[in-house]
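Q: below is the sequence, then the predicted model.
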There are 2 protein chains.
Amino acid sequence: MAAPIEFYLDFSSPYSYLASESIEPLAARYGRSVDYKPMLLGVAFKVSGMRPLPDVPLKGDYSRRDFERSARFASVPFLLPEPFPISTVAPARALLWLSDTDPPRAGSFVHAALRAYFAAGRNISDVAVLADVLRQVGVDPGAALQAIQQTAVKERLREHVDSALARGVFGAPFMFVDGEPFWGHDRLPQIERWLATGPF
Amino acid sequence: MAAPIEFYLDFSSPYSYLASESIEPLAARYGRSVDYKPMLLGVAFKVSGMRPLPDVPLKGDYSRRDFERSARFASVPFLLPEPFPISTVAPARALLWLSDTDPPRAGSFVHAALRAYFAAGRNISDVAVLADVLRQVGVDPGAALQAIQQTAVKERLREHVDSALARGVFGAPFMFVDGEPFWGHDRLPQIERWLATGPF
């Protein structure tokens, strides 16, 4: 089987959510699986000098409109949550911990967490909400919440984010297919071409 | 006939070039024409705090790769020119002056100038190159180059760019269809849906 698609996401990124809703069927059509990896846009912004979309004059207003129109275009349920954006350190640590300890549940957790935030408007940076999302996908929330407070798991995320930056991951979603980088949910058509025909 | 598509471009924007190569056939399929309007990204960046893509750490490297891959994806000839980016005040003034005085040639000038820069690597901020591009589309270069030095034309561009900013034009290409804003060549599929079905 060909290499999995590496899919970097930030749990507070609307375009990560939109792409996450179609990347698996797309990958499957070409015999690929998806390997979800957390990214922290806040850390990336410190390196790139970029800012969260809502804070950028003019672009912020456009983006709010574009999130909603792009969701309708993709037929994905979407409501801009409040607060937005949020800190995503806790779900990022949980994803990395699940990827290491219970890989089959990592993907389910990604979908459940992104849908909780972007379709149901639940603040997944809140520990009680995060516990609920973990429970929903069959993970013991007590064990998970304890794990993500451990120094080893915190350190694991720091190293993971540093290595993502070293690979050039400056935004989300950010995908690698056979090592080729693709940024943004609007690159899915190019990813499909790559999967169908190979490098172009 | 339905309202023209308003197409704001910067002559130093690779994605403006890519979109310019397909917007007219797309518009024509739905009985629309295209009204090309110059934008100065340098002025927009002062308002938004954004920076030219090549200057953004990590994103700059990705962008160079993405320009070329996106051009291949769209089957549009492309070579990243040197120098890049360039000042585009002179071609922007020329486009605005042509739109006012000889509208049928405005579109031909847009294509000739963008192709000269992005396919043939000719620096269109150079007066001799700009004269050549004007001549190529049947415009008297002497008259045009004299016109764009006039205070009235300079002032016309300043006012035009200010009014674009007032409409939220922070990047390029930036398109309005029936007043709805679309940013980026990767929004062409959404524009097509809008043209086909109306607001969604």
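A: Nice, thanks for sending it over. Numbering: from 1, shown residues only, chains lettered A, B, ... in the order given.

Q: which parts of chain A sit against chain B?
A: Within chain A, the positions near chain B by Cβ under 8 Å from any Cβ of the partner chain are A:44, A:47-51, A:56-59, A:61-62, A:65-66, A:69-70, A:72-73, A:165, A:168-171, A:181, A:183-184, A:186-187, A:189-190, A:193, A:200. For glycine as for every other residue, the C-beta is placed from the backbone atoms N, C-alpha and C.

Q: of those, just the buried ones, PyMOL syntax please.
A: To isolate the buried ones among the residues of chain A next to chain B in PyMOL, judged by 16 or more other Cβ atoms under 10 Å in any protein chain shown, type:
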select buried, chain A and resi 44+48+50+51+56+57+58+59+62+66+69+70+73+165+168+169+170+171+181+183+184+186+187+190
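
Q: in strands only, show me the residues of chain A next to chain B.
A: With DSSP state E as the criterion, strands contain A:181, A:183 from among the residues of chain A next to chain B.

Q: narrow the residues of chain A next to chain B to those in helices?
A: In helices, defined here by DSSP state H, the members of the residues of chain A next to chain B are A:44, A:47-48, A:59, A:61-62, A:65-66, A:69-70, A:72-73, A:165, A:189-190, A:193.

Q: tell me the buried residues in the helix or strand encompassing A:Leu96?
A: In this structure, A:Leu96 sits in helix A:89-101 according to DSSP states H and E. Residues A:89-99 are the ones in helix A:89-101 that count as buried (16+ other Cβ under 10 Å).

Q: determine the number of other residues adjacent to A:Gln146.
A: 11 (other Cβ atoms under 10 Å in any protein chain shown).

Q: would you agree it falls within a helix?
A: Yes - according to DSSP: H, G, I helix; E, B strand; the rest coil, A:Gln146 belongs to a helix.

Q: low-confidence ranges in chain A?
A: Applying pLDDT under 70 to chain A flags residues A:1.

Q: again, only using 90
A: Screening chain A residue by residue with the criterion pLDDT under 90, one finds the ranges A:1-2, A:54.

Q: got a list of what the closest residue to A:Pro38 other than its chain neighbours touches?
A: Using Cβ to Cβ, 6 or more residues apart in numbering or on different chains and skipping the chain neighbours, the partner closest in space to A:Pro38 is A:Ala92 (3.6 Å). Residues near A:Ala92 by Cβ atoms under 8 Å, 6 or more residues apart in numbering or on different chains: A:10-11, A:38-40, A:157.

Q: run the last query once more with 6 Å
A: For A:Ala92, the contacting residues are A:38, A:40, A:157, by Cβ atoms under 6 Å, 6 or more residues apart in numbering or on different chains.

Q: likewise A:Glu21?
A: A:Val76.

Q: change it to 8 Å
A: A:74, A:76, A:111.

Q: filter these down to the buried ones and hand me the PyMOL line.
A: Buried residues within those, by 16+ other Cβ under 10 Å, are selected in PyMOL with:
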select buried, chain A and resi 76+111
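
Q: tell me the one of the contacts of A:Glu21 nearest chain B?
A: Closest approach to chain B among these (Cβ to the nearest Cβ): A:Ala74, at 9.9 Å.

Q: the closest one against A:Ser22, yeah?
A: Yes - in this structure A:Ala74 lies within contact range of A:Ser22 using Cβ atoms under 8 Å: 6.8 Å.

Q: could you dump the helix holding A:Leu96 to PDB, C-alpha only?
A: Output of helix A:89-101 as PDB, limited to C-alpha atoms (Å, rounded to 0.1, in the frame of the first residue of the first chain):
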ATOM      1  CA  VAL A  89      -2.700  22.800  23.000                       C
ATOM      2  CA  ALA A  90      -4.900  20.400  24.900                       C
ATOM      3  CA  PRO A  91      -6.600  18.700  21.900                       C
ATOM      4  CA  ALA A  92      -3.200  18.700  20.100                       C
ATOM      5  CA  ARG A  93      -1.600  16.800  23.000                       C
ATOM      6  CA  ALA A  94      -4.500  14.400  23.100                       C
ATOM      7  CA  LEU A  95      -4.200  13.700  19.400                       C
ATOM      8  CA  LEU A  96      -0.500  13.000  19.600                       C
ATOM      9  CA  TRP A  97      -1.000  10.800  22.700                       C
ATOM     10  CA  LEU A  98      -3.700   8.800  21.000                       C
ATOM     11  CA  SER A  99      -1.600   8.500  17.800                       C
ATOM     12  CA  ASP A 100       1.100   6.900  20.000                       C
ATOM     13  CA  THR A 101      -1.100   4.700  22.200                       C
END
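
Q: one step back: which members of the contacts of A:Ala92 occur in strands, if any?
A: A:Pro38.

Q: among the contacts of A:Ala92, who's most crowded?
A: A:Pro38 (24 neighbours).

Q: how much space between the residue lying closest to A:Phe182 once chain neighbours are set aside and A:Arg32?
A: Leaving out its chain neighbours, the residue that sits closest to A:Phe182 by Cβ to Cβ, 6+ apart is A:Met175, at 4.6 Å. According to Cβ to Cβ, to the nearest Å, A:Met175 and A:Arg32 sit 11 Å apart.
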